[in-house]
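**Q** Next input, structure requested:
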Amino acid sequence: MTGTTPGTPSLLRVMNDRAALDLLLEHGPLSRTRIGRLTGLSKPTASQLLARLEAAGLVVASGTTGGRPGPNAQLYGVNPRAAHVAGLDVTPGGIVAAVADLTGEVIGSHELPYAEGTGAVDRVTLALGGAVKDAGLQRSDIHRVVIATPGSFDPRTGALRYADHLPGWHSPTLLEELAAALPMPVEYENDVNLAAVAEQRLGAARGHGDFVLLWNEEGLGAALVLGGRLHRGWTGGAGEVGFLPVPGHPLVRQVTQVNSGGYQELAGVQAVPGMAAALGIGEPPRAAAAQPAGPGAGPAVTPVSTPVSTPVAPPVATPVATAVALLAQAAGHPEGANLLLLRQYATALATGIASLVAVLDPEIVVLSGAVTAAGGDVLRELVEAELADLAPSRPRLVSGTVRDRPVLRGALESALAATRDEVFDTSRR
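**A** Coordinates of the predicted model:
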């Protein structure tokens, strides 16, 4: 913050401005009287504050109150067009991009499937450009971009680690090339970390400073939030729990070469069909349905209809689709072999979570991703019961509540937090 001295009226004005803007984001449009009550400011001071913010383009008049005795009061809200941000979710299957205004509302999006022969920089610019166009904006209108990827960029070398399955993202000069291609500030973050950001700001982890999020889709991963802040580790690899050696599975050596580890082999999506088959449970027909291509991808896009005369190959079940179908079927009828499947999978999941709990002692553990979500409360309660036997402390297990593209939502929330700190700092004006 510049241009202020602690304790001076100018600093107090800046603090009051930010408090009022945060209240408008939290509550939506408010009257002058309501803002005064919530901030503790007098009516004249609240009036001056709103006039100042309106002149700065940060708030706009947005209707009037109604349905009450007396004259209607003018309402004020954050100006959604004061700034815009973008988030990108990069997966092996493609890129999903979205643009949000300053209030957090998504106003444009674009999906770009992976195509052989196109570089990472071209794919990023195309996806971002499509979302910006869909929002009716120009690329110069975007204040900040946050890009989610599997793995993480090593802060010392700039190389992407722990994501050998992501094609085209391993050039040693990639970050420099992206910086040259994009005119706005760009940040990169692990996809599971951003799912945790979404839950921390909007979902099950609101109000919790110490929590672990366990993500379960194509791979197992964790996000660690300590003291309200993401813990990334020395190389950015904190939370790559799929590599954990765990009891119940032989040691996996050369883990970075095989891109797997004991916990992934014990409790990853590929383990579910084997558990089911051993119990005599067949694969449900819907397992072959289309499945989202990446973390938090949401519902699959309905395919274009095909003429009856055209032969169509039967859909191929992805590992995630198969695991989701089996666990959803078991959770829908949790008895007999279905209950045994849920119990066995709960034990596998709890085995790795117990290691995290023993080291970190979190307040809560958030279960996120399509696979654990398919097991519903039945699976969550079984994991919690197993964890009570395996871990020295007993954190509460909760299901993630940000279900619609949590990784992308987390990227937008991360971009919005940094942008609001800049735009709402009225000492700069």
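**Q** which parts of stretch 422-429 are buried?
**A** Val423, Phe424, Asp425, Thr426 (16 or more other CB atoms under 10 Å). (Each C-beta comes from the backbone N, C-alpha and C, glycine too.)
**Q** what are the phi and psi angles of the third one?
**A** So that's Asp425. phi -80, psi 90 (degrees, to the nearest 10).
**Q** State whether it and Met15 are indeed in contact, as I suppose.
**A** No - because the distance of 10.7 Å does not satisfy CB atoms under 8 Å, Asp425 is recorded as not touching Met15.
**Q** related to what we said a few turns ago, which pair in the buried residues of stretch 422-429 spans the largest distance?
**A** Considering CB to CB, no two members of the buried residues of stretch 422-429 lie farther apart than Val423 and Thr426, which are separated by 9.4 Å.
**Q** ends of stretch 214-234, how far apart?
**A** This stretch, stretch 214-234, spans 20 Å end to end (CA to CA, to the nearest Å).
**Q** Would you mind listing the buried residues in that stretch?
**A** 214-225, 230, 232.
**Q** Any chance of these in a markdown table with distance to Pro92 as columns?
**A** Shown next, in a markdown table, are the buried residues of stretch 214-234 (distance: CB to CB, whole Å):
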| residue | distance to Pro92 |
| --- | --- |
| Leu214 | 21 |
| Trp215 | 16 |
| Asn216 | 17 |
| Glu217 | 12 |
| Glu218 | 8 |
| Gly219 | 11 |
| Leu220 | 16 |
| Gly221 | 15 |
| Ala222 | 20 |
| Ala223 | 20 |
| Leu224 | 24 |
| Val225 | 26 |
| Leu230 | 23 |
| Arg232 | 22 |
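**Q** Most widely separated two among these?
**A** Longest span within the buried residues of stretch 214-234, CB to CB: Glu218 and Val225, 22.3 Å.
**Q** Please identify every residue contacting each of Val423 and Thr426.
**A** Leu58 (CB atoms under 8 Å, 6 or more residues apart in numbering).
**Q** Paired strands for the helix or strand that contains Val365, with orientation please.
**A** If you go by DSSP states H and E, Val365 is part of strand 364-368. Next to strand 364-368 in the sheet, as set by DSSP bridges, lie strand 211-216 (parallel), strand 396-399 (parallel).
**Q** could I get those strands as a markdown table with mean pLDDT?
**A** Shown next, in a markdown table, are the strands paired with strand 364-368 (pLDDT from 0 to 100):
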| stretch | mean pLDDT |
| --- | --- |
| strand 211-216 | 98 |
| strand 396-399 | 97 |
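**Q** Of all these, which one is nearest Gly369?
**A** Taking CB to CB, strand 211-216 is the member of the strands paired with strand 364-368 nearest to Gly369, at 4.1 Å.
**Q** mind checking how far the closest one is from the chain centre?
**A** Strand 211-216 sits 11 Å away from the centroid of its parent chain (CA atoms, centre = their mean, to the nearest Å).
**Q** Next: stretch 380-391.
**A** That offset, for stretch 380-391, works out to 25 Å (CA atoms, centre = their mean).
**Q** Now do the buried residues in that stretch.
**A** So, applying 16+ other CB under 10 Å, buried residues of stretch 380-391: Arg380, Leu382, Val383, Glu384, Glu386, Leu387, Leu390, Ala391.
**Q** go on, stretch 160-179?
**A** Leu160, Arg161, Tyr162, Ala163, Leu166, Gly168, Trp169, Leu174, Leu178.
**Q** who touches the first one in this structure?
**A** Okay, so that is Leu160. Thr149, Gly151, Ser152, Phe153, Asp154, Leu166, Trp169, His170, Leu174.
**Q** so how far is Pro185 from it?
**A** Leu160 is 19 Å from Pro185, where distance means CB to CB, to the nearest Å.
**Q** gap between the two ends of stretch 235-244?
**A** End-to-end distance (CA to CA), stretch 235-244: 16 Å.
**Q** which residues are in contact with that stretch?
**A** Against stretch 235-244 from outside (CB under 8 Å, 6+ apart): 151-156, 161-162, 190, 192-193, 214, 219-224, 231-233, 252, 255-256, 260-264, 268, 352, 355-356.
**Q** ditto for stretch 41-49
**A** Counting by CB under 8 Å, 6+ apart, residues outside stretch 41-49 touching it are Arg13, Asn16, Asp17, Ala20, Arg32, Thr33, Ile35, Gly36, Thr39.
**Q** Likewise for stretch 18-34?
**A** 35, 38-39, 43, 46-47, 49-50, 53, 58-59, 62-63, 65, 73-78, 103-104, 420, 424-426.
**Q** Just the buried ones from those residues?
**A** Buried among the contacts of stretch 18-34 (16+ other CB under 10 Å): 35, 38-39, 46, 49-50, 53, 58-59, 62, 65, 73, 75-78, 103-104, 420, 424-426.
**Q** May I have the helix or strand of the chain with the lowest mean pLDDT as CSV, with CA atoms only?
**A** Scoring the helices and strands of the chain by mean pLDDT, DSSP states H and E places helix 255-258 at the bottom, with a mean of 73. Provided in CSV are the C-alpha atoms of helix 255-258 (Å, rounded to 0.1, in the frame of the first residue of the first chain):
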residue,chain,number,x,y,z
VAL,A,255,8.1,-43.8,-8.9
THR,A,256,8.7,-40.8,-11.1
GLN,A,257,9.5,-43.1,-14.0
VAL,A,258,6.4,-45.3,-13.6
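**Q** For that helix, what is the distance to the chain centroid?
**A** Using CA atoms, centre = their mean, the offset of helix 255-258 from its chain centre is 26 Å.
**Q** State the next helix or strand along the chain beyond that helix.
**A** helix 262-267.
**Q** Can you give me the distance of the residue lying closest to Gly228 once chain neighbours are set aside to Glu217?
**A** Residue nearest to Gly228 in three dimensions, not counting chain neighbours: Gly209, with 4.3 Å by CB to CB, 6 or more residues apart in numbering. Between Gly209 and Glu217 the distance is 26 Å, computed by CB to CB.
**Q** Confirm for me that Pro92 is in contact with His165.
**A** Yes - contact criterion CB under 8 Å: Pro92 and His165 qualify, at 5.5 Å.
**Q** Need the overlap of contacts for those two.
**A** Pro150.
**Q** and the buried residues of stretch 380-391, which of them are in helices?
**A** Arg380, Leu382, Val383, Glu384, Glu386, Leu387, Leu390 (DSSP state H).
**Q** Find the residue closest to the fourth one in space, skipping its chain neighbours.
**A** Read it as Glu384. Leu397 (4.3 Å).
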